[in-house]
Every structure is written in C-alpha cells, then in structure tokens.
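**Q** Predicted structure and sequence below. I'll ask about it afterward.
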Amino acid sequence: MTPAGVTACWSCRGPVTAGDLFCDTCEAIQPPRPVDPFTRLDLEPGFEVAPEHLDRCYFDLQRRLHPDRFATKTSRERAISVALTADINLAYETLQDPVKRAIALLEMQGVTIHAEGCNTMSDPVLLMEAMEQREALAEAETSDQVETIAAVATREKTDCLAELAEAFNTSDLSAADRLTTRLKYLMKFEDELRAARIRFSQTT
C-alpha cells in the first residue's frame, strides 16, 4: 500500500511525496499537485513571513524550474516546468499579500471562506468603523485632513496585522477570521485614500 501523500513518479514509478519537485530516484521533474502555497514554496505555515525569506525561496525555485533549463528535455518535462512556474508565481503572490496569506491559513485549517475572499463584515463594530472612516474621508476638504485620516488608518492596519499574527499563533481562528475581514477593509481603504490624495493634488 502506498503511504498517504506519496504517489508514483511519472517517469520511473518511484515514490514521490506530494510537494516534491523532482523524483529522488530518477531526478525527473514532477507535475504540480494540489498543495498549499507554503508547501509550494517550501515554507513553514504561519502568518508572519519575512519578506526577504519569501523572496529567497521564490527566486531559488524560479532558478531551478525556469523553462529555459528544460529546453533540451522532453516536451512533457518542458510542459511540467511551465505549469510549476505558474504555480510558484501564484503561491508567491498569495503569500506576499497579508489578506491572501491569512485566507490561505484559514482555509488550511478548515475555515470556510466566502466567494468575495473573506467572511462578510457582519460585526457591527467593524461596520460602524468602516462607515465613520468613509464618511470622514468624504467630508475631508484639504489634503492635510486626508493625511490625518491616513495616519490613523496606518496605525490601525499595523495593530490589525499584529493582532492577526497573535490570533494565528494562538490558533484563535474565530478572531483570525474577523481580523482578516477587518484587514481586507483597511487595505481597501488605503486605495480610497490614494484616490483622495490624487484628487487633492490635482486641485492645488
């Protein structure tokens, strides 16, 4: 019986563990299998990911799997390298974004995520906060007022990221779910602040 998570190499039929890029027996590149983005980039799952470590893992894999390295290989191996490169790019994009990273962690632990990316903002406190921030931005009459609102939003985002990391560290998935929703809103609000800055810069 084949152990769980182990499949046969397409080339030599030797054992290959899910997430392995190459067969240990014949060294053939292996087709992508469904794995989480942390496994895809050979990282320990966790919300706190050092950007420089993420970059190092990503670029190392890109060098090993770039299609140019398989130019003289079989058509199947070339196709596999292209597919793996696409998977690695997607995993990198996911882990670079704190909201996508949090959603990936929640999904890995069985939390159902809504189609819009994270659970609906049903918390009345979060709803009130969102309404008040948007109202204040809509009523801002000067760039200084926009910057004051932006400074508050930046502090709130920093606090939210710290709280989210703690929630994952303590396996408080309910808090992590709620904080992911809040972080998603705060990052969207950053886009609205950028638009407001552009609007005021065009009127001065």
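**A** Nice, thanks for sending it over.

**Q** in this protein, which spans are strands?
**A** For the chain, the strands defined by DSSP state E cover 6-8, 15-17.

**Q** Nearest to Pro34 among those would be which one?
**A** The closest of the strands of the chain to Pro34 is strand 6-8. By C-beta to C-beta, the value is 11.5 Å. Placement of C-beta: from N, CA and C, glycine included.

**Q** Neighbouring strands - and their directions - for the closest one?
**A** With DSSP bridges as the test, strand 6-8 is paired with strand 15-17 (antiparallel).

**Q** what's the average pLDDT for stretch 79-95?
**A** Stretch 79-95 carries an average pLDDT of 95.

**Q** What are the buried residues along it?
**A** The neighbour-count check on stretch 79-95 (16 or more other C-beta atoms under 10 Å) flags Ile80, Ser81, Leu84, Thr85, Asp87, Ile88, Ala91, Tyr92, Thr94, Leu95 as buried.

**Q** how does this protein divide into domains?
**A** 6-96, 124-201 (automatic domain parsing).

**Q** Just send these back as CSV, with distance to Ile103 too.
**A** Listed next are the domains of the chain as CSV, based on distance: least, C-beta to C-beta, whole Å:
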stretch, distance to Ile103
domain 6-96, 8
domain 124-201, 6
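
**Q** list the helices and strands the longest helix seen in the chain packs on?
**A** Of all the segments of type helix in the chain, defined by DSSP state H, the longest one is helix 173-201. The helices and strands touching helix 173-201, judged by 3 or more C-beta pairs under 8 Å, 6 or more residues apart in numbering; DSSP states H and E, are helix 98-108, helix 124-139, helix 143-169.

**Q** just these: most buried one?
**A** With neighbours defined as mean count of other C-beta atoms under 10 Å, the helices and strands packed on helix 173-201 peak in mean count at helix 98-108, which reaches a mean of 19.

**Q** and the angle for it with helix 143-169?
**A** When axes from the mean of the first three to the mean of the last three C-alpha atoms, to 10 degrees is applied, the directions of helix 98-108 and helix 143-169 differ by 20 degrees.

**Q** so how far is helix 98-108 off the chain centroid?
**A** Distance, stretch centre to chain centre, for helix 98-108: 6 Å (C-alpha atoms, centre = their mean, to the nearest Å).

**Q** same thing with stretch 10-22?
**A** Chain-centre distance of stretch 10-22: 27 Å, with C-alpha atoms, centre = their mean.

**Q** List the buried residues of it.
**A** Buried residues in stretch 10-22 (16+ other C-beta under 10 Å): Trp10, Ser11, Val16, Gly19, Asp20, Leu21.

**Q** so how far does it reach from one end to the other?
**A** Taking C-alpha to C-alpha, to the nearest Å, the first and last residues of stretch 10-22 lie 11 Å apart.

**Q** Packing partners of the helix or strand of the chain with the lowest mean pLDDT?
**A** Using mean pLDDT, DSSP states H and E, helix 124-139 stands out as the lowest-scoring helix or strand of the chain, at a mean of 85. Judged by 3+ C-beta pairs under 8 Å, 6+ apart, the packing partners of helix 124-139 are helix 143-169, helix 173-201.
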